[in-house]
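> Generate coordinates for the sequence data below:
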Amino acid sequence: MTEPRNTSRPVVLLVDDHPGSVGPLLQSLESAGYSVVVALDGETALHRLDMVLADAVLLDAVMPGLSGFDTCRRIKANPALAHLPVIFMTGLAETEHIVSAFDSGGVDYVVKPVKVDEVLARLQAHIRNAKVARLAREAADVAGFGVVLTDSQGRIAWQSPRAREWLRHSAAGAAIPLIPAIASGSVPLQGHPGISARNLGPVGLGETMLLLAREEARAGDAARLAQAALTPRESEVLSWLAKGKTNKDIADILGLSPRTVNKHLEHIFDKLGVETRSAAAAIGARFQAD
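You can find the predicted model right below:
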């Protein structure tokens, strides 16, 4: 059974086969506000991830048995764990080992003996980025989109529940067209009639985010926009909202006060029949690139 997460402290899985290396780093992480789970080998690390809800993994690259590289591949092959940022700790600074770390799914690496301040800074950044990406993917799914992350070869690295449902007839690991096939705009997704894809750009080392939409949903949103009869100014506000701008950004761009922008958004929500910014932005986003 998965243990509940202590939401006040991010959870880090620390994997290293040298207990002497683990102790000082563990103490530093806990002093910095992290809850730390320790594993001394790859197989144990995978078992720990079945038991706890981790936010990140600090992984020794060279270990007896299952190497760090193979452990990372196993983590990334599990849809429930693929979102976890894996930071390698290695005494190997040769290019081939660095390449292996990234090829196996790692987002970063630090060279041993590790510098605690460097580890903490990188860990904080990657946990924050992973959280932002996760929230964005979940919001898109709630708003009626599907989201797919692909690697540099176009293989599916992660897919939201909605995207998985839409692409369930695909072969496992099937490639999805990337740049230049989806360089800009919204285009039909090859092999999936009725589904369009939009390239949202890179979201990590070697990974690209695609936003998927069903054509019937798009047609429904077009009708909703037509019936809403937004004013020209409301349409402008919705357009910038769909591009991810904050109320302050929109106010600065359009030469309005933030209070006026809030009023426009209230009218937009009411006319579109939605209650949240993400739902309104999702409707507007379907038409941004056309």
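
> quick one, longest strand in the chain?
strand 195-204 (DSSP state E).

> helices and strands around it, which ones?
For strand 195-204, the elements it packs on are helix 116-142, strand 146-150, strand 186-188, strand 207-214, helix 215-228, judged by 3 or more C-beta pairs under 8 Å, 6 or more residues apart in numbering; DSSP states H and E. All C-beta atoms are positioned from the backbone trio N, CA, C, and that covers glycine.

> Surely V38 is in a helix?
No: the assignment for V38 is strand, going by DSSP: H, G, I helix; E, B strand; the rest coil, so no helix is present there.

> Export the longest strand of the chain to PDB, keeping only CA atoms.
Extracted in PDB, the C-alpha atoms of strand 195-204 (Å, rounded to 0.1, in the frame of the first residue of the first chain):
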ATOM      1  CA  ILE A 195      -7.400  14.300 -32.900                       C
ATOM      2  CA  SER A 196      -5.300  17.400 -33.500                       C
ATOM      3  CA  ALA A 197      -2.000  18.200 -31.900                       C
ATOM      4  CA  ARG A 198      -0.200  21.400 -31.000                       C
ATOM      5  CA  ASN A 199       3.500  21.600 -30.100                       C
ATOM      6  CA  LEU A 200       3.900  23.500 -26.900                       C
ATOM      7  CA  GLY A 201       7.700  23.300 -27.000                       C
ATOM      8  CA  PRO A 202      10.400  21.800 -24.800                       C
ATOM      9  CA  VAL A 203       9.600  21.100 -21.200                       C
ATOM     10  CA  GLY A 204      12.800  19.300 -20.200                       C
END
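
> Please work out the average pLDDT along it.
Averaged across strand 195-204, pLDDT comes to 76.

> Partner strands of that strand and their direction?
strand 186-188 (antiparallel), strand 207-214 (antiparallel) (DSSP bridges).

> closest to F102 out of those strands?
Closest to F102 of the strands paired with strand 195-204, according to C-beta to C-beta: strand 207-214, at 10.7 Å.

> now that closest one against strand 146-150, angle please.
Angle, strand 207-214 to strand 146-150, by axes from the mean of the first three to the mean of the last three C-alpha atoms, to 10 degrees: 150 degrees.

> mean confidence for strand 207-214?
Strand 207-214 comes out at a mean pLDDT of 78.

> can you start the count at 357 instead of 1 from here on
Understood, numbering begins at 357; the last thing we discussed is strand 563-570.

> Can you report how many residues neighbour R484?
13 (other C-beta atoms under 10 Å).

> give the contact list for it.
For R484, the contact set (C-beta atoms under 8 Å, 6 or more residues apart in numbering) is empty.

> roughly how far is the longest strand of the chain from the heart of the chain?
Offset of strand 551-560 from its chain centre (C-alpha atoms, centre = their mean, to the nearest Å): 12 Å.

> on that earlier part again, mean neighbour count, the strands paired with strand 551-560: which tops it?
Mean neighbour count (mean count of other C-beta atoms under 10 Å) peaks for strand 563-570 among the strands paired with strand 551-560, with a mean of 21.

> Give me the phi and psi for F625.
phi -60, psi -40 (degrees, to the nearest 10).

> Give me the three-state assignment for S377.
Strictly by three-state DSSP, S377 counts as helix.

> same check, this time on the one 3 residues further on
Classification of P380 using three-state DSSP returns helix.

> ok, the closest residue in space to it that isn't next to it in sequence - contacts?
Leaving out its chain neighbours, the residue that sits closest to P380 by C-beta to C-beta, 6 or more residues apart in numbering is V472, at 7.8 Å. Contacts for V472 (C-beta under 8 Å, 6+ apart) come out as P380, L381, S384.

> Among the residues you listed, which one has the most neighbours?
Of those, with other C-beta under 10 Å as the count, L381 tops at 21 neighbours.

> That one is in contact with V470, isn't it?
Yes: using C-beta atoms under 8 Å, L381 is in contact with V470, at 6.5 Å.

> now this structure, which segments are flagged as low pLDDT?
Low-confidence regions of the chain, defined here as pLDDT under 70, cover residues 357-364, 449-450, 488, 491-500, 525-541, 559-562, 571-582, 634, 638, 641-646.
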